[in-house]
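Enquirer: output the structure for:
(one chain, ligands or ions: 1)
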Amino acid sequence: MRAYDVIKNKRDSKKLAQNEIKYLIKGFVDGSIPDYQMAAFLMAVYFQGMDEEETYWLTDCMRTSGDLIELDGISGITVDKHSTGGVGDKTSLVLGPVLAALGLKVAKMSGRGLGHTGGTIDKLEAIEGFSCELTRQQFIDAVNKTGVVIVGQTGNLVPADKKIYALRDVTATVDSIPLIAASIMSKKLAVANKILVLDVKVGSGAFMKSLEDARTLARLMVKIGTQGGRKVSAVLSNMDEPLGEMIGNAVEVQEAVETLQNKGPESFTQLIRTLAAQALVLAENGKISTADAEARVDLVLQNGAAYKKFLEMVEIQGGNPAKINQLPKARQTIELKADQDGFVSSMQCEEIGLAAMMLGAGRETKDSVIDMAVGLKLIRHVGDQIRKGDVIAEVYVNPDRGDNSKAIKRLRDAICISSKKANASPLILDIIS
Ligand code: URA
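Expert: All right, here's what the predicted structure looks like:
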């Protein structure tokens, strides 16, 4: 077999055989197939697509390219969640403890952020002493004890995805539905969780800009996951504006804490309710209705059980629960005021994420150092009526980091104000199970 022929077959829109995909992925990971051939293959997939069977084979070859993580030592039903990425996305910080309070086990491996999206691990490190580095045994023991632990990825998990993603990033082949599905699901299926809940973001701040594409991606991922022996559900949620109000690291932890105390923004709480209820319905094999599952989620938010789980997680991972309200604080708050009367008509999510990154809340390159304290709060949302001079956002800055004016201008330009009223889209757009 030659890589040339596999590329040519895909270029000519032929269905690939499982062994052709295996040959290509194995050869690329061991270095016998060079970057330029893989880049040509990725572009062929970008234009010709892959059917469900090919995408499953690709996922499975990528999944088995490195370590597989068994969670045998954990007693109970293990649940994982994946978000396709968004701005202000602190879902794991709240969903993990909520699921633990519902009696499920969350052994979560998360990543760091790069560019306009922040990483869960970065956010958690805003908590003094919190460590995301546990040995495999400490990880299992901690999950058995508290029900929820969030650590950084260790070992050699899906090296094929790391290598392929780096190439996709520089060859304009990231936004291909089969490539995204295989990338996400290979990593999810490399860890032996029983239940998987997918949060597929749709909108200006997401990979999937249209609801139709997001549905196609979600259906494909649910199929792949089911074929891989998992119970899977996907929630499609709106990313036309950032999730919740806070964007940054310490400020997102603060918003997560408030949400766990049932005092968070309604939209974010609704997403948590929906995702957690899906996990619960899957765990109970459909023997509970979605409405009852949602009521159980609300109960653990109202009675403090979910917040208690969060504090237990903080403690077992080296943080001090008594200091959870003493997170790093920026030295200065700048109010961003509306310069005209009108309505907030839209927000360019990605631009808002990039503005937060420029303030120091995210990484421009892999080596950038994050400032845990800086960030912003969106006071006004799409659809809100405003008057000239109203505060639309608060920007938390550390002036000694340098001039923040470009970041603030980027934020201002990303919040569009118009004379016509615009309606915000609903947060939950669909559920695919
Ligand atoms: N997230 C991933 O892990 N992979 C993709 O290709 C896109 C989003």
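Enquirer: residues contacting stretch 268-282, please?
Expert: 79, 81, 90-91, 94-95, 98-99, 102, 104, 195, 197, 199, 231-233, 235, 237, 243-244, 255, 259, 262, 288-290, 293-294, 296-298, 301, 427-428, 431, 433 (Cβ atoms under 8 Å, 6 or more residues apart in numbering). For every residue, glycine as well, the C-beta is placed using N, CA and C.
Enquirer: now those: which count as buried?
Expert: Listed as buried from the contacts of stretch 268-282 are 79, 81, 90-91, 94-95, 98-99, 102, 104, 195, 197, 199, 231-233, 235, 237, 243-244, 255, 259, 288, 290, 293-294, 296-298, 301, 427-428, 431, 433; burial here means 16 or more other Cβ atoms under 10 Å.
Enquirer: how close does the residue most central in space within the chain sit to the ligand?
Expert: By Cα atoms, centre = their mean, the chain has its centre lying nearest to Ser83, at 3.3 Å. Applying Cβ to the nearest ligand atom, to the nearest Å, the value for Ser83 to the ligand is 9 Å.
Enquirer: close to the ligand: what parts of the stretch 151-300 of the chain are there?
Expert: Proximity of the stretch 151-300 of the chain to the ligand (Cβ under 6 Å from any ligand atom) is limited to residues 174, 179-180, 183-184, 207.
Enquirer: if we use 5 Å, what do you get?
Expert: By the rule Cβ under 5 Å from any ligand atom, the part of the stretch 151-300 of the chain lying against the ligand is 180, 183-184.
Enquirer: redo the residues you listed as a markdown table? Include pLDDT.
Expert: Below are those laid out as a markdown table (pLDDT from 0 to 100):
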| residue | pLDDT |
| --- | --- |
| Ile180 | 96 |
| Ser183 | 96 |
| Ile184 | 96 |
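Enquirer: among these, which one lies nearest to Ala283?
Expert: Nearest to Ala283 among these is Ile184, at 21.4 Å by Cβ to Cβ.
Enquirer: does the closest one belong to a helix or a strand, and which?
Expert: Secondary structure assignment for Ile184, by DSSP states H and E: helix 177-189.
Enquirer: so which elements touch that helix?
Expert: Applying 3 or more Cβ pairs under 8 Å, 6 or more residues apart in numbering; DSSP states H and E, we find helix 177-189 packed against helix 35-48, helix 52-63, strand 79-83, helix 159-170, helix 211-227.
Enquirer: most tightly packed of the ones you listed?
Expert: strand 79-83 (a mean of 25; mean count of other Cβ atoms under 10 Å).
Enquirer: gap between it and the chain center?
Expert: Distance of strand 79-83 from its chain centroid, counting by Cα atoms, centre = their mean, to the nearest Å, is 9 Å.
Enquirer: so what strands line up beside that strand?
Expert: Applying DSSP bridges, strand 79-83 is found paired with strand 195-202 (parallel).
Enquirer: okay, the angle between the strand it pairs with and helix 177-189?
Expert: Put simply, strand 195-202 runs at 150 degrees to helix 177-189, going by axes from the mean of the first three to the mean of the last three Cα atoms, to 10 degrees.
Enquirer: off-centre distance for strand 195-202?
Expert: 9 Å.
Enquirer: got the CA coordinates for that strand in CSV?
Expert: Provided in CSV are the C-alpha atoms of strand 195-202 (Å, rounded to 0.1, in the frame of the first residue of the first chain):
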residue,chain,number,x,y,z
ILE,A,195,-21.5,7.9,29.9
LEU,A,196,-20.6,10.8,27.7
VAL,A,197,-22.5,14.1,27.5
LEU,A,198,-21.5,16.3,24.6
ASP,A,199,-22.0,20.1,24.6
VAL,A,200,-21.9,21.1,21.0
LYS,A,201,-21.7,24.9,20.6
VAL,A,202,-23.3,26.7,17.8
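Enquirer: for stretch 268-279, buried residues please.
Expert: By neighbour count with 16+ other Cβ under 10 Å, stretch 268-279 contains the buried residues 268-269, 271-279.
Enquirer: and for the nearest residue to Leu42 once chain neighbours are set aside, the neighbour number?
Expert: What sits nearest to Leu42 in space, not counting adjacent residues and going by Cβ to Cβ, 6 or more residues apart in numbering, is Thr173, at 4.3 Å. Thr173: 20 surrounding residues under other Cβ atoms under 10 Å.
Enquirer: now do the contacts for the closest residue to the ligand within the chain.
Expert: Nearest residue of the chain to the ligand (Cβ to the nearest ligand atom) works out as Ser183 at 3.4 Å. Going by Cβ under 8 Å, 6+ apart, Ser183 touches 62, 161, 164-165.
Enquirer: could you rerun that using 10 Å?
Expert: 58-59, 62, 158, 160-162, 164-165, 168, 174, 176 (Cβ atoms under 10 Å, 6 or more residues apart in numbering).
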